[in-house]
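with the input below, show me the fold.
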Amino acid sequence: MRIGIVVHGLLVAAIASAALGAQTQRPNIILMFPDNLGWGEVGAYGSVRGVPTPNIDSLAAQGIRLDNFNVEFSCTVSRAALLTGRYAIRSGATQPTGITQWEVTIADALKGVGYATALFGKWHLGGTNWINGRTPIDQGFDEWYGIPNTSNEAQVTSAANFNAATTEVPYIWEQKAGEAARKAKVFDLASRRTLDREAALKSVDFMERNARAGKPFFLFYPITQIHFPTLPHPDFAGKTGAGDIGDSMADVDYNVGVVMAALKRLGLDRNTLVFWCTDNGPEGRRPWRGSPGPWRGFYNSVMEGGIRTPCIVRWIGRIPAGQKSDEIVHELDIFPTIAAAAGADIVPRDRPFDGVNQLPFLERKQAHSNRESVLYFTGSQIRAVKWKEWKFHYAFMPEPRVTEPPLMRLFNLKSDPKEESDIKDANPWAIGVFDKLVADYAAGAERFPNVPVGARDPYLPPRRP
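Residues are numbered from 1 along each chain as shown. Model prediction:
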C-alpha cells in the first residue's frame with residue numbers, strides 16, 4: 001500500500017511537471033481592449049482629468065508605450081482588423097455586418113496550436129444576426145461572456161417609449177464550445193455598470209483553470225468602458241470628482257489591476273505577453289465626451305484623435321522596460337506579433353494579410369518599426385494615408401460624417417499634430433507617394449477580391465485565374 005502511494009505520488013509529480021513544461025513552452029497572451037478610450041484619459045499619456053491610472057501606468061513602466069499606435073475608425077471595423085490582421089474592408093466587416101467564418105482570427109490560430117481561448121466583454125463582430133453562426137465560439141474562442149453588440153443597447157429598456165412586447169430586450173450572453181449561447185442577464189443601465197468587473201473576474205477564473213491545467217491561454221478582455229453610456233461601477237461612482245468619464249476611467253484601471261494581480265499571484269508574469277490598447281479614439285457624445293490628448297478629432301473620423309490611440313505592450317524579460325516610441329504600429333500587427341511570440345507558423349497565407357511582425361522592434365532588436373505606412377478607410381472608401389510623419393487626406397473629414405473643401409489635404413504630423421495647416425501645394429511630390437500606396441492596395445484587392453459586405457456563411461472566395 002505504501003509503495004502504491006509513493007508510485008501514485010511520483011505519477012502526480014510527473015504529470016504536474018509535464019503540465020508546467022507545457023505551460024512554459026509557449027507564452028500566455030492577454031489582450032485588453034477598452035472601447036472609445038482616447039489618449040488623454042490615461043495617466044501614462046498625460047491624463048487631462050488627473051484621474052490616477054496606476055495599474056495601466058505600471059504596465060507602461062514595465063514595457064513599451066507606443067505613441068503612434070493606429071486603429072480603424074470605428075468599433076466593428078477595429079475589432080475585425082485586430083483579430084484577423086487584415087484591413088476590415090478586406091473581410092467585409094463594415095457595420096452592421098460581422099466577419100464570415102472563413103476569416104482566421106487570433107483565437108482560431110492559437111487554438112490550433114494548443115491554446116485555451118476566451119473572450120469576456122464586448123464582441124460586436126457578429127452582425128445583427130450574430131447568434132446564427134457568428135458568436136465568438138464560431139471564431140475560435142472556447143468560451144465567452146458579454147454583450148454581442150455594443151454598450152448603448154443598455155439604454156433600450158430605459159427609453160421613454162420602451163415596450164417589451166414590441167422591442168427586443170438586450171441581454172448579456174454566455175457560451176462554451178459545443179453549447180448553445182444562453183442569456184445570462186438583461187443588459188440595462190444597472191448591468192452596464194458591472195459588466196466589466198464581472199468580465200475581469202471571469203478572466204481571473206479562466207487564467208486560474210488553465211494555470212492548473214498547465215495549458216497556455218489567450219485571454220481577450222474587450223472592456224466596454226468608456227463607450228457611452230459611460231456609467232462607472234457603483235464602487236467608483238462619484239469618487240474621482242471628474243464626472244462619469246473620470247469615475248469610469250478609475251473603474252477601468254481597477255479592473256486591469258484585478259487581472260494583473262491574478263497573473264502575478266499565479267506566477268505567470270514572466271511567461272505572459274500583455275497588450276493594453278484601445279479600439280478607437282474618444283467618445284464624442286456629450287455628456288460623455290472623451291479626450292484625444294494632443295490630437296484633433298474623435299472616433300468615427302480618421303483624424304489623428306480618432307485613429308491614434310494608447311497602446312502598451314509588456315513582456316517581462318523580453319521587452320525592455322521603460323520604452324517610449326513614436327514609430328508607426330497598427331492593430332493589424334498584433335496578430336503576427338503574437339504568432340512570433342508563440343513561435344507558431346499560424347498566420348494565414350491564402351489571403352491578403354496586412355499585419356507585420358513587430359516583435360523584433362518591441363524587443364529592441366531593431367531600432368525601427370516594420371511598418372512605415374497605414375491606410376484609413378470609412379466603409380469602402382479610402383479617406384487618408386499615413387506615411388512616416390506625413391498624412392494625406394483624400395477626403396478631409398474633421399468630424400464624423402462631415403467633409404469640407406478642399407478635400408485633399410497634406411499635413412506633417414511632427415510640426416502640425418492637430419492637422420490644421422494644409423501644405424499640399426508646397427509639397428507636390430507627396431501625391432505620387434500616397435497614390436502608389438493606394439495603388440498597391442488596389443492591385444492586391446483586384447487579385448484577391450474583398451469579401452462582399454453582407455456575405456453569408458459558408459463563404460468561399462472566388463477562384464483566382
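
where does pLDDT dip in the stretch 351-465 of the chain?
465 (pLDDT under 70).

Thr76 touches Gly98, doesn't it?
Yes - taking contacts as CB atoms under 8 Å, Thr76 lies within contact range of Gly98: 7.3 Å. Yep, even glycine has a C-beta here, placed from its N, CA and C like the rest.

of those two, which one has the most company?
More neighbours surround Gly98 than the other of Thr76 and Gly98, with 30 against 24 (other CB atoms under 10 Å).

tell me where the stretch 101-250 of the chain has helices.
Assigned by DSSP state H, counting those that start in this stretch, the stretch 101-250 of the chain shows helices spanning 106-111, 189-213, 243-265.

so which residues make contact with stretch 42-62?
With contacts defined as CB atoms under 8 Å, 6 or more residues apart in numbering, stretch 42-62 is touched by 39-41, 65, 240, 242, 245-246, 249-250, 252-254, 256-257, 260, 274, 276, 291, 293, 310, 312, 314, 316, 321-322.

so which of the helices of the stretch 101-250 of the chain is nearest Thr128?
For the helices of the stretch 101-250 of the chain, the distance to Thr128 is smallest for helix 189-213, at 20.2 Å, taking CB to CB.

helices or strands up against that closest one?
strand 116-122, strand 143-147, strand 217-221, helix 243-265 (3 or more CB pairs under 8 Å, 6 or more residues apart in numbering; DSSP states H and E).

how about these in TSV, adding mean neighbour count, distance to Val51 and mean pLDDT?
Conversion of those to TSV gives the following (neighbours: other CB atoms under 10 Å; distance: least, CB to CB, whole Å; pLDDT from 0 to 100):
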stretch	mean neighbour count	distance to Val51	mean pLDDT
strand 116-122	27	21	98
strand 143-147	23	25	98
strand 217-221	26	20	98
helix 243-265	22	5	98
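
select, out of these, the one closest to Tyr376.
Go through the helices and strands packed on helix 189-213 one by one with CB to CB and the one that ends up closest to Tyr376 is strand 116-122, at 22.4 Å.

any idea how far that closest one is from the chain center?
Relative to its parent chain, strand 116-122 has a centroid offset of 12 Å by CA atoms, centre = their mean, to the nearest Å.

do the same with stretch 242-260
Here the centre of mass of C-alpha atoms in stretch 242-260, compared against the chain's by CA atoms, centre = their mean, lies 17 Å away.

repeat that for stretch 416-426.
Its chain's average C-alpha position is 30 Å from that of stretch 416-426, according to CA atoms, centre = their mean.

what does stretch 97-113 give?
Once both centres are worked out by CA atoms, centre = their mean, stretch 97-113 turns out to sit 15 Å from its chain's centre.

ends of it, how far apart?
29 Å (CA to CA, to the nearest Å).

and that stretch, what's its mean pLDDT?
For stretch 97-113, the mean pLDDT works out to 96.

for Ala190, list the residues it contacts.
Contacts were defined as CB under 8 Å, 6+ apart; by that measure Ala190 touches no other residue.

ok, it to Asn280 distance?
Between Ala190 and Asn280 the distance, using CB to CB, to the nearest Å, works out to 25 Å.

same deal with Ala442?
Looking at Ala442 against Asn280, where the rule is CB to CB, the gap reads 25 Å.

Ala177 too?
Distance, Ala177 to Asn280, by CB to CB: 30 Å.
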